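Enquirer: I need the structure of the sequence given here:
(chains A and B)
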Amino acid sequence: MDILTVFSNILNPECLMLILIGVIMGNIFGCIPGLNTPIAVALVLPVSFALETIPALCLIMGIYMGGVSGGLVSAVLLKIPGTAASVATTFDGYPMAMNGKATEALSYGAFASLFGGLFSAVFLLVLAPFLSQLAIGFGPWEYFGTAVLSLCLVCTLMKEKMLKAFIAMFLGLLLNTVGMSPVDGVAARFTFGNYNLENGFNLIVIIIGIFALPEILYAVQNIAVVPKPVAVQKKWIYVPDWKVIKANFGVMIRGSVIGTLIGILPGMGGGAASLVSYADAKKASKTPEKFGTGCAEGIFSCESANNATTGGALIPMLALGVPGDTTTAIVMGAIALHGLTAGPLLSMNQPILFRSIIFSVFVANLFMFFFQTTTIRYIAKIIEIPKPILFPLITIFCVTGVVSIRNNVFDLYYMLIFVVLGYILDKNKYPLSPFILASVLGTIIEDNMRRSIIYYGSFANCLVQPSIGTIFFYLAVLLPIGSVLLQNNRFRKLLHLRVTPNGGESQ
Amino acid sequence: MGEIVFMGVLGVVSFGMFMMTYTFRTSIIDQSGGPALYPRLIILFLVALMLIRIVIILKTPPEKRQRFAFLEIFKEIRLAYLLQFLTYVVLLAVIGFKISTTIFLNVMIHYLSYRQTGKRASKRRVLGLGLITIMGVIGLEYCFTKLLNVPLPKGIWNI
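Expert: Numbers count the residues shown, from 1 in each chain, chains lettered A, B, ... in the order given. Here you go, the predicted structure:
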């Protein structure tokens, strides 16, 4: 009867309404350039605190599913991706719109988003419980290894920006040490005697300060630029023709597989997935010369991949307690707000909640599709909201959200520091996702490292344990070193590998 | 050059934090290395990476170096936005959410509209916007405080 409980948890008016509100909000934030899903999720976190756990997570899943596909509208109509996940959609979406087929482009994107989202949700349903069963035996050393590996993987996969990614990551880890020390709770670290800092920097404040406000700070300078979107036909519903769906079914399957697998890798989001899927679809296509001119395959490949990352990213979050991307890192914060910890123990101690989260993903994807296919031309109008009104509104929502966490204006002062820091990092090409992931995982890393040292006697003893944690730790050390060596032309010649044009110079 | 300065500032801050770790209290029964171990490791790694980055920047020819984006925050519209935001944050605790948010919205919207269109708003528009923002802020405050039970600052006049 568990399955009936899961259905009743989600299929009730409150949760369905919250999923719908989340999808609408996610779509709006996704389609407006400069705003994105992490900002939307961060803004509702204080609000979600007032809700029960399952309704709160329904709202957040709605935003997550809606936000990733929301970027489709501005990508097709303006050639400006609403989110990083829709960069590749501009390659064929905008040319198709310029050819007078904006309606078709949007309907293809909406359907592909549904396909990718549901595909990865099935993977989530199958893999997450399996992985969490495997991870139930994890001790502190295994958790430490997993967290360290996921952070190093995020940075290593950044390739040319690897050094900057590691610097951002260590900066995030350092700022995470502010507050009372874990394990012993004896030392107030780097608080300068200020009791407001004894609990450290709040994650929501960091996210709003690093993500939301720097984008507005950057965009206000170009306030005079007013984009004009391509017109959309008036229709009741925007569903692609069945023949087009059938012709691109294979493309969507490939894109969804790529998106799900990339989503599982920590720190890799829809942006990377859609670009990889686009390149793969072009390579496999019988008409690669049509890519970039407004070809349906291009849109189907990108949009199925970027939505497939949502389910993929939730797999490590739910199963291992390691966020798959920035949004799932914030979702972990939401789960923590309700006194729970994402990870294998969640499936063991709260199996109904665990399955309810997965089921809400299915429902959110369906709502996202129905909402997009019926309201695309209205969503297109949102892009035209005057920036002089939009930016101040977002600012006060950010401020209200921050103040509502602890009713402490002090949080706003250090948020300002994060705004400046976020601006400097982002505009100087320092990746932000390692910083955010480090802020989420920092306490887990230190806590489990110190517990491992207590258990095994010393750190050196931990390194020789026959455990998956040891394997993960060595991988975390070797992967970046291997990546740097492989970028070096002299080393590549030694291994008889093809020399790259930029090899020999690291970053 | 700007990035080297940024690394330098971070380096100085990191050094200061490293020295502060020697003032952390430690439990006598702690066998995990103490509260200072982890921050010291992080600082050492961070400083090492920053030094590598500085070397790479110095090895890059000046014409190929990218301009460091920082000072532009303190120019033109961005500076105005930051100052207005800072004023709003300061006033929030003093005069409360309703008044400070209404003032902020009106000032910011009119300023940004002027920068976008180059035209000042008419008296009718100013009045209209003022009324809309007051009603909007009251509604927002009601939603947060009464519906979501989230307290917001009331200020010295308890409004």
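Enquirer: now stretch B:14-26: buried residues?
Expert: Counting neighbours by 16 or more other CB atoms under 10 Å in any protein chain shown, one finds that the buried residues in stretch B:14-26 are B:14, B:17-18, B:21, B:24. Backbone N, C-alpha and C define where each C-beta goes, glycine included.
Enquirer: and for stretch A:189-208?
Expert: By neighbour count on 16+ other CB under 10 Å, the buried set for stretch A:189-208 is A:189-191, A:197, A:200-208.
Enquirer: including pLDDT, secondary structure and distance to A:Trp141, could those go into JSON lines?
Expert: Converted to JSON lines, those look like this (pLDDT from 0 to 100; DSSP: H, G, I helix; E, B strand; the rest coil; distance: CB to CB, whole Å):
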{"residue": "A:Arg189", "pLDDT": "90", "secondary structure": "strand", "distance to A:Trp141": "24"}
{"residue": "A:Phe190", "pLDDT": "91", "secondary structure": "coil", "distance to A:Trp141": "27"}
{"residue": "A:Thr191", "pLDDT": "88", "secondary structure": "coil", "distance to A:Trp141": "29"}
{"residue": "A:Leu197", "pLDDT": "88", "secondary structure": "helix", "distance to A:Trp141": "30"}
{"residue": "A:Gly200", "pLDDT": "89", "secondary structure": "coil", "distance to A:Trp141": "24"}
{"residue": "A:Phe201", "pLDDT": "90", "secondary structure": "coil", "distance to A:Trp141": "27"}
{"residue": "A:Asn202", "pLDDT": "85", "secondary structure": "coil", "distance to A:Trp141": "29"}
{"residue": "A:Leu203", "pLDDT": "79", "secondary structure": "helix", "distance to A:Trp141": "25"}
{"residue": "A:Ile204", "pLDDT": "76", "secondary structure": "helix", "distance to A:Trp141": "30"}
{"residue": "A:Val205", "pLDDT": "85", "secondary structure": "helix", "distance to A:Trp141": "31"}
{"residue": "A:Ile206", "pLDDT": "86", "secondary structure": "helix", "distance to A:Trp141": "27"}
{"residue": "A:Ile207", "pLDDT": "79", "secondary structure": "helix", "distance to A:Trp141": "29"}
{"residue": "A:Ile208", "pLDDT": "79", "secondary structure": "helix", "distance to A:Trp141": "34"}
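Enquirer: and chain B, which of these contact it?
Expert: By CB under 8 Å from any CB of the partner chain, the members of those lying near chain B are A:189-190.
Enquirer: taking the buried residues of stretch A:189-208, tell me the two that lie furthest apart.
Expert: Using CB to CB, these span at most 23.4 Å, a distance reached by A:Arg189 and A:Ile208.
Enquirer: low-confidence ranges in the chain?
Expert: Because you didn't say which chain, this covers chain A. With pLDDT under 70 as the threshold, chain A has low-confidence stretches at A:1, A:33-34, A:82, A:226-233, A:235, A:267-268, A:380, A:382-383, A:489-507.
Enquirer: hmm, no, I was thinking of chain B.
Expert: For chain B, the stretches with pLDDT under 70 are B:148.
Enquirer: quick one: name whatever helix or strand follows the longest helix anywhere in chain B.
Expert: When chain B is parsed with DSSP state H, its longest helix is helix B:37-59. Downstream of helix B:37-59, the first helix or strand assigned by DSSP states H and E is helix B:76-95.
Enquirer: what packs against the following helix or strand past that next one?
Expert: Where DSSP H and E defines the elements, the next helix or strand beyond helix B:76-95 is helix B:97-117. Packed against helix B:97-117 by the contact rule (3 or more CB pairs under 8 Å, 6 or more residues apart in numbering or on different chains; DSSP states H and E) you find helix A:387-406, helix B:76-95, helix B:123-142.
Enquirer: what's the burial count for A:Leu45?
Expert: Using other CB atoms under 10 Å in any protein chain shown, A:Leu45 has 24 other residues around it.
Enquirer: for it, phi and psi?
Expert: Torsion angles at A:Leu45 (phi, psi; degrees, to the nearest 10) stand at phi -60, psi -50.
Enquirer: nearest spatial neighbour of it, skipping sequence neighbours?
Expert: A:Ile204 (5.0 Å; CB to CB, 6 or more residues apart in numbering or on different chains).
Enquirer: I figured the one you found hits A:Thr400, correct?
Expert: No - the pair A:Ile204 / A:Thr400 is not scored as a contact, 11.9 Å apart, by CB atoms under 8 Å.
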